[in-house]
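A.B. asks: dropping a prediction and its sequence here:
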Amino acid sequence: MKPIRIGLLGVGTVGGGTFTVLRRNREEITRRAGRDIVIRMIADRDVEKARGIAGDDAVVTADANEVVTHPDIDVVVELIGGYTAARELTLKAIDHGKHVVTANKALLASHGTEIFAAAQRKGVMIAFEAAVAGGIPIIKALREGLTANRIEWIGGIINGTSNFILSEMRDKGLTFDTVLKQAQKLGYAEADPTFDVEGIDAAHKITIMAAIAFGIPMQFDKAYTEGIAKLTREDIRYAEELGYRIKLLGITRRTPRGIELRVHPTLIPARRLIANVEGVMNAIVVKGDAVGATLYYGAGAGAEPTASSVVADLVDIARMHTADPKHRVPHLAFQPELLSNVPILEMDEVETAYYLRLRAMDKPGALADITRVLAERGISIDAMVQKEPSEGEDQVDIIMLTHLAVEKNVNAAIASIQKLPLTTGKVTRIRLEELGGK
Ligand code: NAP
Ligand code: HSE
């Protein structure tokens, strides 16, 4: 059979890894795909670097437009990242009848609806396994393996850089800036690393998973996003003392009032497997009504783990290339005309448990005032610890875990607690999820 001819846009971390994996495992991959997969053209701003990687195997150009319009190219692999050029090149490739493989979650979370509609019209495939959780085949699992289930919720560590930072800070006592620099050097971080530490990259990924899990359009603009920059060592330590770990989680959940879509630092019980996922590794728990809770674990970033997903998409396309578009797996798992318009819940309406840390005078009545404010808002306390005051101090740290409460009630209670005469400073609030099988 004729080979599938690839045009590769970008030979950075992932593009370079894709080249390496395709070259090293060529024989195995051909036996699986049923035909050769060959990189015919490469576009990168740095032509010399691209030539160094490709040798004489591929035509190299600085102009990506040449690749996406070239008649000899069957599949365009977009690995340049970003929104503007990536969107234009992807739409142009589709317009020229090319299938597209991309690792670009930012592009899909923001412009996925437009891109999938264009691909649908042209009868071409958009494959994006590498866009979520690097090497973990979570898109395949959600779209195909779990297709019998009504998905109830997904909770995941889906940003390797921030998990790496949290792990190194806790284990080695390193500063945030030192660990971030290491992550950038290792090729884990996004071009703009604030995407990693502010939770934006994780929000892109949870947006994509929510769309596939619930059959809804991509709605990145409605995702609630909070990063790890404000986490303190005290909170990490207090959480541990109470039997919890703090992780940056992406969470999406089906509720009777709408769909939760959120990213924030989260306490999770230390006994859960996912709480012990360290470094750049990612893990995702998916709860389906039939299967129960399932866990997917693996490298969430890096050249070859991500290339593993890119090449898997290429093999899928090589196999499905000639199939009638109506008989392929739909891009978002559900038939495009049957997507649901169930709303995304405002963060104020989300119900979860909370860790609260506050400082109060070590005087009679202080605790009573605080618990009264919580009770007035219908917030029930699950556990409470009052730390000993330091030598010569008259203030103490109080740590509380609540039962499930509605976010807007917790925010109102925090505002009231901060005004009490016997409390000082700001209340720290971190959400808590059990992530159990129920
Ligand atoms: P990268 O190392 O920065 O590589 C991107 C390459 O594309 C660079 O060589 C860049 O050149 C080139 N480029 C950018 N714009 C171009 C244009 N318009 N025309 C030609 N070449 C262009 O990025 P990466 O880490 O491989 O990431 C690529 C994509 O994969 C991103 O969407 C990212 O979010 C995603 N991803 C990355 C990982 C990971 O572990 N790194 C994991 C999963 C998904 P310059 O350097 O000169 O700009
Ligand atoms: N910057 C991302 C991360 C790369 O750290 O997880 C993988 O998407």
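C.D. replies: Okay, I see it. Ligands and ions are numbered 1, 2, ... in the order given.
A.B. asks: ok, now which ones touch I158?
C.D. replies: Shown in contact with I158 (Cβ atoms under 8 Å, 6 or more residues apart in numbering): 132-133, 201-202, 205-206, 250, 282, 284, 300. C-betas here are computed from N, CA, C, even on glycine.
A.B. asks: tell me, how many residues neighbour the closest residue to ligand 2 within the stretch 201-350 of the chain?
C.D. replies: In the stretch 201-350 of the chain, the residue that lies nearest ligand 2 is A301 (3.7 Å; Cβ to the nearest ligand atom). A total of 27 residues lie near A301 under the criterion other Cβ atoms under 10 Å.
A.B. asks: any idea how far D313 is from it?
C.D. replies: According to Cβ to Cβ, to the nearest Å, A301 stands 17 Å off from D313.
A.B. asks: also P217?
C.D. replies: Distance, P217 to D313, by Cβ to Cβ: 22 Å.
A.B. asks: comparing these two, which shows the higher neighbour count?
C.D. replies: Set side by side, P217 and D313 show more neighbours around D313, with 25 against 15, by other Cβ under 10 Å.
A.B. asks: what's the closest non-adjacent residue to the more buried one?
C.D. replies: Of all residues not flanking D313 in the chain, A127 sits nearest, at 3.5 Å (Cβ to Cβ, 6 or more residues apart in numbering).
A.B. asks: just P137 next, same as before
C.D. replies: Using Cβ to Cβ, 6+ apart, the closest residue to P137 is E129 (6.1 Å).
A.B. asks: residues contacting that neighbour?
C.D. replies: Listed by Cβ under 8 Å, 6+ apart, the contact set of E129 reads 137-140, 309-310, 312-313.
A.B. asks: now, which of these lie within helices?
C.D. replies: Residues from those lying in helices, with DSSP state H as the criterion: 138-140, 309-310, 312-313.
A.B. asks: report the two of those separated the most.
C.D. replies: Using Cβ to Cβ, the two most remote members of those are I138 and V310, lying 14.4 Å apart.
A.B. asks: compare the two (neighbour count), which wins?
C.D. replies: Comparing I138 with V310 by other Cβ under 10 Å, the one with more neighbours is I138, at 30 against 27.
A.B. asks: pLDDT value on the more buried one, please?
C.D. replies: pLDDT for I138: 98.
A.B. asks: so how far is stretch 371-380 from its chain's centroid?
C.D. replies: 34 Å (Cα atoms, centre = their mean, to the nearest Å).
A.B. asks: burial count for the residue in the chain that ligand 1 sits nearest to?
C.D. replies: For the chain, the residue closest to ligand 1 is G12, as judged by Cβ to the nearest ligand atom, at 1.7 Å. Other residues near G12 come to 17 when the count uses other Cβ under 10 Å.
A.B. asks: and stretch 56-72, C-alpha only, in PDB?
C.D. replies: Extracted in PDB, the C-alpha atoms of stretch 56-72 (Å, rounded to 0.1, in the frame of the first residue of the first chain):
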ATOM      1  CA  ASP A  56      18.000  14.100   3.600                       C
ATOM      2  CA  ASP A  57      14.700  12.400   4.500                       C
ATOM      3  CA  ALA A  58      12.400  15.300   4.100                       C
ATOM      4  CA  VAL A  59      12.100  18.700   2.300                       C
ATOM      5  CA  VAL A  60      12.700  21.500   4.800                       C
ATOM      6  CA  THR A  61      11.100  25.000   4.600                       C
ATOM      7  CA  ALA A  62      10.700  28.000   6.800                       C
ATOM      8  CA  ASP A  63       7.200  28.600   5.300                       C
ATOM      9  CA  ALA A  64       4.500  26.400   6.900                       C
ATOM     10  CA  ASN A  65       2.000  27.500   4.200                       C
ATOM     11  CA  GLU A  66       4.000  25.500   1.700                       C
ATOM     12  CA  VAL A  67       3.400  22.300   3.700                       C
ATOM     13  CA  VAL A  68      -0.300  22.700   4.400                       C
ATOM     14  CA  THR A  69      -1.100  23.400   0.700                       C
ATOM     15  CA  HIS A  70       1.300  20.800  -0.900                       C
ATOM     16  CA  PRO A  71      -0.500  18.200  -3.000                       C
ATOM     17  CA  ASP A  72       1.900  15.500  -1.900                       C
END
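A.B. asks: good, we can wrap up now.
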